[in-house]
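Participant: Please find the sequence and the predicted model below.
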Amino acid sequence: MRRWLTTHLLIDMNINILQNELDELIEFSELFAEHNFSARREALVFLQMVSQISVTGNHESRELKRRARIFSERLRTFNGYLAQDFYQRLKSQHPLPTDFRSWLAPYTNYVPKDWGKPHYGYESLDFLLDAVLLPEPQPEPNLKSEYGMVRYQPTPASVVLELTERIQFTDNDLFCDLGAGLGKVTMLVHLLTQVQTVGVEYQSSFCDYAERQAQDLGLTRISYLNLNARNADYSDATVFFFFNPFGGLIFDSVLEKLRLEAEKREITLCSYGSSSQPLSELTWLERLPPVSEDEMALEIFRGIV
């Protein structure tokens with residue numbers, strides 16, 4: 001009997017704590033600041049947790065879940081309105097790179113020209129761009145991965161902001177994202193520079209999705225190759241991007257193909273994540289400053305011809 005009472009007292013205490021936290025959340029006006037996608041994301045995670053409470057027959061818990069569900073829908077509706085407005089402006093105005101960069105500035109903590117700093121996690125800009133460039137429903141992988149392939153993980157948008165400042169793209173460049181996933185990097189690089197971009201992606205469902213999104217936005221200088229990266233032809237690309245795309249023999253095979261390309265012309269490799277360390281050990285690559293020992297910093301390498 002005492003254990004039963006203690007359990008219910010704990011449940012009541014937890015419900016009270018969650019009720020107080022929900023009250024504070026509802027009263028937090030900054031949640032509806034236009035650029036505060038990160039805070040709304042954290043709030044939605046909390047509200048999802050509340051919705052999963054499974055205390056049956058308890059009026060307080062049912063009321064808590066009802067209020068959480070209503071507030072969650074309010075936040076999602078607000079996010080959807082902002083994302084749709086941004087999408088419509090992007091599609092109708094076709095902003096120049098400098099204008100588009102200014103559109104993104106209020107959503108990011110990235111400081112222009114402050115290069116070489118680590119990019120940890122995701123921020124409001126990523127949550128906005130997910131809604132604009134990568135709307136739901138997003139596809140699942142449809143092909144069995146080979147050994148060395150890794151699961152899809154999107155690149156933080158701040159990495160691309162730095163990359164497109166440090167690389168001086170020309171009309172003769174072709175940017176190649178190895179392991180392009182749903183197309184976030186290729187689309188963002190193109191919007192920030194107008195350079196021609198191509199994504200190499202093994203999952204055909206991802207390629208189809210990325211192509212549809214680019215076409216819907218009228219981004220005609222973006223294409224996707226549904227290939228194993230070691231089978232792709234890299235003879236036209238000049239700038240390559242890695243974010244932990246694959247490992248093992250696939251990584252070695254791709255690097256050997258790029259080494260052969262570097263013997264013919266100047267190429268640039270950009271890396272974020274665990275791929276930076278092995279690239280720094282290759283004698284045919286020169287690591288450009290600023291250099292960081294943190295793998296969450298963007299590293300840029302130039303082929304030594």
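Facilitator: On my side now, so go ahead. Numbers count the residues shown, from 1 in each chain.

Participant: And what about I70, helix, strand or coil?
Facilitator: helix (DSSP: H, G, I helix; E, B strand; the rest coil).

Participant: and it, how many neighbours does it have?
Facilitator: 11 (other Cβ atoms under 10 Å). Every residue, glycine included, has its C-beta placed from N, CA and C.

Participant: same deal with E24?
Facilitator: 9.

Participant: host element of it?
Facilitator: Per DSSP states H and E: E24 is located in helix 2-27.

Participant: And the next helix or strand past that helix?
Facilitator: helix 37-51.

Participant: in that next one, what's buried?
Facilitator: Under the neighbour-count criterion of 16 or more other Cβ atoms under 10 Å, helix 37-51 has 37-41, 43-44, 47, 50 buried.

Participant: helices or strands next to that helix in the packing?
Facilitator: Where contact means 3 or more Cβ pairs under 8 Å, 6 or more residues apart in numbering; DSSP states H and E, helix 37-51 is packed against helix 2-27, helix 59-93, helix 124-133.

Participant: pLDDT weak spots in the stretch 101-250 of the chain?
Facilitator: The model of the stretch 101-250 of the chain has pLDDT under 70 over residues 146-151.

Participant: Next one: S235 from K91, what distance?
Facilitator: Applying Cβ to Cβ, to the nearest Å, the value for S235 to K91 is 33 Å.

Participant: got it, and L227?
Facilitator: Applying Cβ to Cβ, one obtains 29 Å for the distance of L227 from K91.

Participant: Check S253 too.
Facilitator: 39 Å.

Participant: quick one: which of those two has more around it?
Facilitator: Counted by other Cβ under 10 Å, S253 and K91 do not tie: S253 has more neighbours, with 16 against 13.

Participant: For N142, the count of nearby residues, please.
Facilitator: Around N142 there are 10 other residues, counting by other Cβ under 10 Å.

Participant: Just the element for the closest residue in space to it that isn't next to it in sequence, please.
Facilitator: Leaving aside its sequence neighbours, N142 sits nearest to S205 (Cβ to Cβ, 6 or more residues apart in numbering; 4.1 Å). Under the criterion of DSSP H and E, S205 resides in helix 204-216.

Participant: Any idea how far that helix is from the middle of the chain?
Facilitator: Put simply, helix 204-216 sits 16 Å off its chain's centre (Cα atoms, centre = their mean, to the nearest Å).

Participant: Could you tell me the angle between the following helix or strand past that helix and helix 204-216?
Facilitator: From helix 204-216 onward toward the C-terminus, using DSSP H and E, the following helix or strand is strand 222-226. Strand 222-226 and helix 204-216 are oriented at 170 degrees to each other (axes from the mean of the first three to the mean of the last three Cα atoms, to 10 degrees).

Participant: Who are the packing partners of the helix or strand following strand 222-226?
Facilitator: As assigned by DSSP H and E, the chain's next helix or strand after strand 222-226 is strand 239-242. Counting contacts by 3+ Cβ pairs under 8 Å, 6+ apart, strand 239-242 is packed against strand 174-178, strand 268-271.

Participant: ok, residues contacting the last one?
Facilitator: Residues from elsewhere that reach strand 268-271, judged by Cβ atoms under 8 Å, 6 or more residues apart in numbering: 163, 167, 238-243, 258, 279, 285, 298-303.

Participant: Only the buried subset of those residues, as a PyMOL command please.
Facilitator: Buried residues within the contacts of strand 268-271, by 16+ other Cβ under 10 Å, are selected in PyMOL with:
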select buried, resi 163+167+238+239+240+241+242+243+258+279+285+298+299+300+301+303
